[in-house]
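In: I need the structure of the sequence given here:
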Amino acid sequence: MPTTRDELLQLIQQLQAGTLELEDLRRRRAGAPELHARERALEQLRWQLAAVARRAAHGDLGSAA
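Out: Below you'll find the predicted structure:
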């Protein structure tokens, strides 16, 4: 079972890879649908990262009390 830290690291790696792909698509002047799909995927990853980070922070606060 992955830990919250593992989830955070995985999401960060996915965001980094996706950002590089998006930059490559822009450099190659890829079509709008392809760019929009990558942008949507990155936005979903950002939301997932925020949710996991909140869960981690809440867990840290709960264990500190």
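
In: remind me which residues of this structure are low pLDDT?
Out: By pLDDT under 70, the low-scoring segments of the chain are 60-65.

In: Which helix runs longest in it?
Out: helix 32-64 (DSSP state H).

In: who does that helix touch, helix- and strand-wise?
Out: Contact here means 3 or more Cβ pairs under 8 Å, 6 or more residues apart in numbering; DSSP states H and E; on that basis helix 32-64 packs against helix 4-27. Backbone N, C-alpha and C define where each C-beta goes, glycine included.

In: Can you get me the centre-to-centre distance for the helix it packs on and its chain?
Out: Centre-to-centre, helix 4-27 and its host chain are 6 Å apart (Cα atoms, centre = their mean, to the nearest Å).

In: Which elements pack onto it?
Out: For helix 4-27, the packing partners by 3+ Cβ pairs under 8 Å, 6+ apart are helix 32-64.

In: List the contacts of the residue nearest the centre of the chain.
Out: With distances taken as Cα atoms, centre = their mean, the residue of the chain nearest its centroid is L45 (3.2 Å). By Cβ atoms under 8 Å, 6 or more residues apart in numbering, L45 lies in contact with 11, 14-15, 18.

In: give me that answer again for 6 Å
Out: 11, 14-15 (Cβ atoms under 6 Å, 6 or more residues apart in numbering).

In: Same check on E39?
Out: Counting by Cβ under 6 Å, 6+ apart, E39 has no contacts.

In: can you do 8 Å?
Out: Neighbours of E39 in contact, by Cβ under 8 Å, 6+ apart: L22.

In: which SS class is R29?
Out: coil (DSSP: H, G, I helix; E, B strand; the rest coil).

In: Renumber starting at 20 from here on
Out: Sounds good: first residue 20 from here, last item R48.

In: gap between it and E40?
Out: 14 Å (Cβ to Cβ, to the nearest Å).

In: the more surrounded of those two?
Out: Between R48 and E40, E40 has the larger neighbour count (other Cβ atoms under 10 Å), namely 15 against 7.

In: got the contact list for the more buried one?
Out: E40 touches R57, counting by Cβ under 8 Å, 6+ apart.

In: Look up how far E58 lies from it.
Out: 11 Å.
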